[in-house]
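can't give you the sequence, but here's the structure:
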DNA sequence: GACCAGGATTGCT
DNA sequence: AGCAATCATGGT
(Lines give C-alpha, C1' and ligand atoms only; values in the text may rest on other atoms or scores of the structure.)
Protein backbone atom coordinates (compact mmCIF):
# COMPACT_ATOMS: atom_id res chain seq x y z
CA UNK A 1 0.00 0.00 0.00
CA UNK A 2 1.17 3.50 -0.85
CA UNK A 3 0.36 7.01 0.23
CA UNK A 4 1.65 10.52 -0.43
CA UNK A 5 2.33 13.05 2.32
CA UNK A 6 3.21 16.73 2.32
CA UNK A 7 5.63 18.25 4.79
CA UNK A 8 6.15 21.85 5.94
CA UNK A 9 9.13 23.35 4.06
CA UNK A 10 12.06 23.63 4.12
CA UNK A 11 13.02 19.97 4.29
CA UNK A 12 16.07 18.74 2.40
CA UNK A 13 15.66 15.00 1.99
CA UNK A 14 18.70 14.65 -0.25
CA UNK A 15 20.88 15.74 2.66
CA UNK A 16 19.11 13.23 4.85
CA UNK A 17 19.91 10.49 2.35
CA UNK A 18 23.50 11.68 2.04
CA UNK A 19 23.83 11.41 5.79
CA UNK A 20 22.10 8.02 6.00
CA UNK A 21 24.31 6.62 3.26
CA UNK A 22 27.37 7.09 5.46
CA UNK A 23 26.23 4.05 7.40
CA UNK A 24 26.64 1.01 5.14
CA UNK A 25 23.79 -0.73 6.95
CA UNK A 26 21.21 1.73 5.68
CA UNK A 27 19.33 0.83 2.51
CA UNK A 28 19.67 4.13 0.68
CA UNK A 29 19.17 4.67 -3.03
CA UNK A 30 20.19 8.22 -3.78
CA UNK A 31 19.46 7.95 -7.50
CA UNK A 32 15.89 7.03 -6.69
CA UNK A 33 15.88 9.45 -3.72
CA UNK A 34 14.57 6.65 -1.55
CA UNK A 35 15.39 4.77 1.60
CA UNK A 36 13.99 1.58 3.11
CA UNK A 37 13.41 1.73 6.84
CA UNK A 38 13.08 -1.16 9.28
CA UNK A 39 10.00 -1.05 11.51
CA UNK A 40 11.11 -3.27 14.37
CA UNK A 41 7.75 -3.49 16.09
CA UNK A 42 6.23 -5.42 13.18
CA UNK A 43 9.40 -6.65 11.52
CA UNK A 44 8.32 -4.84 8.41
CA UNK A 45 10.14 -2.69 5.87
CA UNK A 46 8.76 0.71 4.84
CA UNK A 47 10.06 2.68 1.88
CA UNK A 48 10.18 6.47 1.85
CA UNK A 49 10.80 8.20 -1.44
CA UNK A 50 11.16 11.91 -2.12
CA UNK A 51 8.96 13.12 -4.97
CA UNK A 52 9.23 16.84 -4.15
CA UNK A 53 11.87 19.45 -3.40
CA UNK A 54 13.31 21.21 -0.36
CA UNK A 55 10.88 24.08 -0.85
CA UNK A 56 7.98 21.78 -1.61
CA UNK A 57 8.66 18.56 0.28
CA UNK A 58 6.50 15.66 -0.78
CA UNK A 59 6.98 11.97 -0.12
CA UNK A 60 5.65 8.65 -1.21
CA UNK A 61 5.51 6.02 1.51
CA UNK A 62 5.23 2.38 0.55
CA UNK A 63 4.18 -0.19 3.13
CA UNK A 64 4.65 -3.92 2.81
CA UNK A 65 1.20 -4.68 4.15
CA UNK A 66 -1.88 -2.63 4.96
CA UNK A 67 -1.93 -3.76 8.54
CA UNK A 68 -1.53 -1.06 11.25
CA UNK A 69 -1.05 1.75 8.73
CA UNK A 70 -1.64 4.52 11.27
CA UNK A 71 1.00 3.11 13.60
CA UNK A 72 3.52 2.79 10.81
CA UNK A 73 2.77 6.24 9.48
CA UNK A 74 3.27 7.76 12.88
CA UNK A 75 6.59 5.91 13.18
CA UNK A 76 7.77 7.40 9.88
CA UNK A 77 6.61 10.92 10.86
CA UNK A 78 8.50 10.56 14.09
CA UNK A 79 11.65 9.12 12.56
CA UNK A 80 11.94 11.90 10.00
CA UNK A 81 10.51 14.54 12.35
CA UNK A 82 7.97 15.65 9.79
CA UNK A 83 5.86 17.29 12.48
CA UNK A 84 8.66 19.73 13.38
CA UNK A 85 8.73 22.73 10.99
CA UNK A 86 12.35 23.82 10.58
CA UNK A 87 11.91 27.52 9.84
CA UNK A 88 11.00 28.52 13.40
CA UNK A 89 14.01 26.58 14.67
CA UNK A 90 16.31 28.22 12.16
CA UNK A 91 14.92 31.68 12.97
CA UNK A 92 15.72 31.16 16.61
CA UNK A 93 19.41 31.27 15.62
CA UNK A 94 19.07 34.38 13.45
CA UNK A 95 20.88 36.71 15.81
CA UNK A 96 23.44 34.19 16.97
CA UNK A 97 26.88 33.11 15.86
CA UNK A 98 25.26 29.99 14.36
CA UNK A 99 23.22 31.96 11.83
CA UNK A 100 25.50 31.15 8.86
CA UNK A 101 25.66 27.47 9.71
CA UNK A 102 21.88 27.30 9.82
CA UNK A 103 21.71 29.08 6.45
CA UNK A 104 24.25 26.71 4.94
CA UNK A 105 22.38 23.62 6.13
CA UNK A 106 18.86 24.94 5.66
CA UNK A 107 16.23 22.23 5.74
CA UNK A 108 18.37 19.71 7.61
CA UNK A 109 16.15 17.84 10.07
CA UNK A 110 16.98 15.76 13.10
CA UNK A 111 16.50 12.19 11.88
CA UNK A 112 16.00 9.54 14.50
CA UNK A 113 17.53 6.10 14.79
CA UNK A 114 15.17 3.24 13.98
CA UNK A 115 15.04 1.40 17.28
CA UNK A 116 15.85 2.15 20.93
CA UNK A 117 17.98 -0.90 21.63
CA UNK A 118 19.81 -0.58 18.32
CA UNK A 119 20.54 3.08 19.12
CA UNK A 120 22.29 2.19 22.36
CA UNK A 121 24.23 -0.71 20.85
CA UNK A 122 25.34 1.48 18.00
CA UNK A 123 26.44 4.25 20.37
CA UNK A 124 28.41 1.82 22.50
CA UNK A 125 30.18 0.49 19.43
CA UNK A 126 30.91 4.06 18.27
CA UNK A 127 32.41 5.20 21.56
CA UNK A 128 35.91 6.57 21.03
CA UNK A 129 36.30 5.16 17.53
CA UNK A 130 36.74 6.90 14.22
CA UNK A 131 33.59 6.70 12.14
CA UNK A 132 34.98 4.38 9.51
CA UNK A 133 36.13 1.69 11.92
CA UNK A 134 32.97 2.13 13.96
CA UNK A 135 30.90 1.43 10.87
CA UNK A 136 32.98 -1.62 10.02
CA UNK A 137 32.50 -2.99 13.51
CA UNK A 138 28.77 -2.29 13.51
CA UNK A 139 28.39 -3.87 10.11
CA UNK A 140 30.16 -7.06 11.19
CA UNK A 141 28.01 -7.24 14.31
CA UNK A 142 24.69 -6.74 12.55
CA UNK A 143 25.52 -9.04 9.65
CA UNK A 144 26.49 -11.81 12.03
CA UNK A 145 23.67 -11.53 14.57
CA UNK A 146 20.93 -9.50 12.90
CA UNK A 147 18.60 -10.30 10.04
CA UNK A 148 18.15 -8.91 6.60
CA UNK A 149 14.65 -8.53 5.31
CA UNK A 150 13.60 -7.10 1.98
CA UNK A 151 17.06 -5.57 1.59
CA UNK A 152 17.10 -3.96 5.04
CA UNK A 153 19.23 -4.94 8.01
CA UNK A 154 17.60 -5.32 11.42
CA UNK A 155 19.86 -5.22 14.47
CA UNK A 156 19.65 -8.36 16.63
CA UNK A 157 17.11 -8.21 19.47
CA UNK A 158 18.32 -8.14 23.11
CA UNK A 159 17.41 -11.83 23.50
CA UNK A 160 20.02 -12.71 20.87
CA UNK A 161 22.71 -10.30 22.06
CA UNK A 162 22.34 -11.42 25.68
CA UNK A 163 23.44 -14.93 24.69
CA UNK A 164 26.47 -14.04 22.55
CA UNK A 165 29.70 -15.52 23.93
CA UNK A 166 32.14 -12.67 24.50
CA UNK A 167 34.89 -14.48 22.55
CA UNK A 168 32.80 -14.16 19.40
CA UNK A 169 32.68 -10.40 19.77
CA UNK A 170 36.43 -10.33 20.36
CA UNK A 171 36.82 -12.15 17.05
CA UNK A 172 34.89 -9.33 15.38
CA UNK A 173 37.51 -7.00 16.94
CA UNK A 174 35.36 -5.65 19.73
CA UNK A 175 37.47 -4.71 22.72
CA UNK A 176 36.80 -6.88 25.75
CA UNK A 177 34.98 -4.00 27.42
CA UNK A 178 32.85 -3.04 24.43
CA UNK A 179 31.75 -6.63 24.24
CA UNK A 180 30.86 -6.71 27.92
CA UNK A 181 28.93 -3.45 27.61
CA UNK A 182 26.81 -4.72 24.70
CA UNK A 183 26.00 -8.07 26.29
CA UNK A 184 25.38 -6.51 29.71
CA UNK A 185 22.95 -3.99 28.27
CA UNK A 186 21.06 -6.73 26.44
CA UNK A 187 20.81 -8.78 29.63
CA UNK A 188 19.32 -5.89 31.57
CA UNK A 189 16.63 -5.53 28.94
CA UNK A 190 15.88 -9.24 28.75
CA UNK A 191 15.57 -9.47 32.53
CA UNK A 192 13.10 -6.60 32.51
CA UNK A 193 15.37 -4.51 34.68
CA UNK A 194 15.54 -1.90 31.94
CA UNK A 195 12.43 -0.92 29.97
CA UNK A 196 13.36 1.48 27.19
CA UNK A 197 9.79 2.03 26.05
CA UNK A 198 8.72 3.08 29.54
CA UNK A 199 11.84 5.21 29.85
CA UNK A 200 11.09 6.95 26.56
CA UNK A 201 8.15 8.73 28.20
CA UNK A 202 10.15 10.26 31.04
CA UNK A 203 11.83 13.66 31.35
CA UNK A 204 15.34 14.20 29.96
CA UNK A 205 16.97 14.29 33.40
CA UNK A 206 15.30 11.08 34.51
CA UNK A 207 16.30 9.26 31.34
CA UNK A 208 19.89 10.45 31.84
CA UNK A 209 19.97 9.31 35.45
CA UNK A 210 18.65 5.88 34.59
CA UNK A 211 20.84 5.22 31.56
CA UNK A 212 24.08 6.37 33.19
CA UNK A 213 23.63 3.67 35.82
CA UNK A 214 24.19 1.04 33.16
CA UNK A 215 27.75 -0.15 32.72
CA UNK A 216 29.10 1.15 29.43
CA UNK A 217 26.68 4.05 29.19
CA UNK A 218 28.05 7.43 30.18
CA UNK A 219 26.79 10.97 29.59
CA UNK A 220 27.73 11.02 25.90
CA UNK A 221 25.80 7.84 25.09
CA UNK A 222 22.80 8.84 27.23
CA UNK A 223 22.58 12.25 25.56
CA UNK A 224 22.92 10.64 22.19
CA UNK A 225 19.98 8.36 23.05
CA UNK A 226 17.88 11.36 24.04
CA UNK A 227 18.68 13.16 20.80
CA UNK A 228 18.79 10.45 18.17
CA UNK A 229 16.67 7.82 19.89
CA UNK A 230 13.94 9.96 21.34
CA UNK A 231 14.25 13.20 19.32
CA UNK A 232 14.44 15.45 22.37
CA UNK A 233 15.13 19.00 21.15
CA UNK A 234 17.27 20.50 23.90
CA UNK A 235 20.45 18.47 24.40
CA UNK A 236 24.00 19.84 24.20
CA UNK A 237 26.78 17.24 24.50
CA UNK A 238 29.51 19.50 25.83
CA UNK A 239 31.93 16.58 26.20
CA UNK A 240 31.64 15.62 22.55
CA UNK A 241 34.83 16.01 20.50
CA UNK A 242 32.93 16.93 17.34
CA UNK A 243 31.03 19.75 19.05
CA UNK A 244 34.21 21.05 20.66
CA UNK A 245 36.10 21.03 17.38
CA UNK A 246 33.24 22.71 15.53
CA UNK A 247 33.14 25.52 18.10
CA UNK A 248 36.90 25.83 18.01
CA UNK A 249 36.82 26.34 14.25
CA UNK A 250 33.75 28.58 14.37
CA UNK A 251 35.41 30.92 16.86
CA UNK A 252 38.80 30.65 15.18
CA UNK A 253 40.44 29.49 18.40
CA UNK A 254 43.79 27.73 18.82
CA UNK A 255 42.45 25.51 21.60
CA UNK A 256 39.23 23.72 22.39
CA UNK A 257 36.63 25.72 24.30
CA UNK A 258 36.11 25.08 28.00
CA UNK A 259 32.87 23.74 29.43
CA UNK A 260 32.18 27.17 30.90
CA UNK A 261 32.58 28.92 27.56
CA UNK A 262 30.31 26.36 25.94
CA UNK A 263 27.62 26.77 28.60
CA UNK A 264 27.81 30.52 28.17
CA UNK A 265 27.29 30.38 24.40
CA UNK A 266 24.59 27.76 24.74
CA UNK A 267 22.25 29.82 26.89
CA UNK A 268 20.83 31.74 23.94
CA UNK A 269 20.45 28.59 21.84
CA UNK A 270 17.87 27.08 24.17
CA UNK A 271 15.38 25.45 23.86
CA UNK A 272 16.85 24.08 20.61
CA UNK A 273 20.25 22.92 21.78
CA UNK A 274 19.91 19.62 19.92
CA UNK A 275 19.59 21.51 16.66
CA UNK A 276 22.58 23.68 17.52
CA UNK A 277 24.55 20.47 18.16
CA UNK A 278 23.30 18.83 15.00
CA UNK A 279 24.22 21.78 12.81
CA UNK A 280 27.60 22.15 14.50
CA UNK A 281 28.36 18.51 13.65
CA UNK A 282 27.28 19.10 10.07
CA UNK A 283 29.50 22.16 9.86
CA UNK A 284 32.65 20.07 10.20
CA UNK A 285 31.55 17.05 8.23
CA UNK A 286 33.90 16.45 5.35
CA UNK A 287 32.74 16.99 1.83
CA UNK A 288 31.67 13.60 0.83
CA UNK A 289 33.39 11.63 -1.87
CA UNK A 290 31.44 11.72 -5.05
CA UNK A 291 29.51 8.58 -5.69
C1' DG B 1 55.60 6.74 15.44
C1' DA B 2 52.81 9.77 17.86
C1' DC B 3 48.24 11.27 18.51
C1' DC B 4 43.38 11.51 18.16
C1' DA B 5 38.67 9.33 17.24
C1' DG B 6 31.08 12.05 17.78
C1' DG B 7 33.96 7.66 25.57
C1' DA B 8 33.61 4.97 29.85
C1' DT B 9 35.49 2.59 33.63
C1' DT B 10 38.71 1.61 37.11
C1' DG B 11 42.04 2.62 40.43
C1' DC B 12 44.74 5.94 42.43
C1' DT B 13 45.63 10.31 45.07
C1' DA C 1 36.24 15.20 43.58
C1' DG C 2 39.65 14.97 40.07
C1' DC C 3 43.32 12.75 37.29
C1' DA C 4 45.73 9.00 34.55
C1' DA C 5 45.87 4.61 32.62
C1' DT C 6 43.45 1.43 29.91
C1' DC C 7 40.96 -0.30 26.02
C1' DA C 8 41.41 -1.92 19.94
C1' DT C 9 42.05 -0.18 15.70
C1' DG C 10 42.15 3.07 11.72
C1' DG C 11 43.11 7.56 9.97
C1' DT C 12 46.25 11.50 9.69
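Great, that's in hand. Predicted model, so just to flag it, every value in this text is computed and none were measured. Numbers count the residues shown, from 1 in each chain, chains lettered A, B, ... in the order given.

for residue A:101, what are its contacts?
When contacts are counted by CB atoms under 8 Å, 6 or more residues apart in numbering, residue A:101 touches A:250, A:279-280, A:282-283. Just so you know, the C-beta spots here come from the backbone N, C-alpha and C atoms, and that holds for glycine as well.

Work out for me the element it sits within.
helix A:99-104 (DSSP states H and E).

Just after that helix, pick out the following helix or strand.
helix A:116-126.

For DNA strand B, tell me whether that following helix is touching it.
Yes: Helix A:116-126 reaches DNA strand B (CB under 7 Å from any atom of the strand) through residue A:126.

if you average pLDDT over that helix, what comes out?
In this model, helix A:116-126 has a mean pLDDT of 96.

would you list every one of the strands in chain A?
A:2-6, A:27-29, A:34-39, A:44-50, A:58-63, A:147-149, A:152-154 (DSSP state E).

Can you name every helix or strand that the fourth one contacts?
To tie it back to what came earlier, the one meant is strand A:44-50. helix A:13-20, strand A:34-39, strand A:58-63, helix A:69-80 (3 or more CB pairs under 8 Å, 6 or more residues apart in numbering; DSSP states H and E).

go again using 7 Å as the cut-off
The contact analysis (3 or more CB pairs under 7 Å, 6 or more residues apart in numbering; DSSP states H and E) places strand A:44-50 against strand A:34-39, strand A:58-63, helix A:69-80.

Out of these, which gets nearest to residue A:117?
strand A:34-39 (12.2 Å; CB to CB).

partners of the closest one, with directions?
strand A:27-29 (antiparallel), strand A:44-50 (antiparallel) (DSSP bridges).

burial of residue A:137, as a residue count?
Residues near residue A:137, counting by other CB atoms under 10 Å, number 20.

Just the buried positions in stretch A:157-177, please.
Within stretch A:157-177, the residues scored as buried using 16 or more other CB atoms under 10 Å are A:157-158, A:161-162, A:164, A:169, A:172, A:174.

Apologies, that question was intended for stretch A:103-115.
Buried residues in stretch A:103-115 (16+ other CB under 10 Å): A:105-115.

just stretch A:78-98 next, same as before
A:79-82, A:84, A:86, A:89-90, A:92-93, A:98.

hmm, it in reach of DNA strand B?
No: using CB under 7 Å from any atom of the strand, stretch A:78-98 stays clear of DNA strand B, with a minimum separation of 15.0 Å.

Need the contact partners of that stretch.
Defining contact as CB atoms under 7 Å, 6 or more residues apart in numbering, one finds that stretch A:78-98 is touched by A:7-8, A:10-11, A:37, A:77, A:99, A:102, A:106-107, A:109-112, A:114, A:231, A:250, A:268-269, A:272, A:275-276, A:279.
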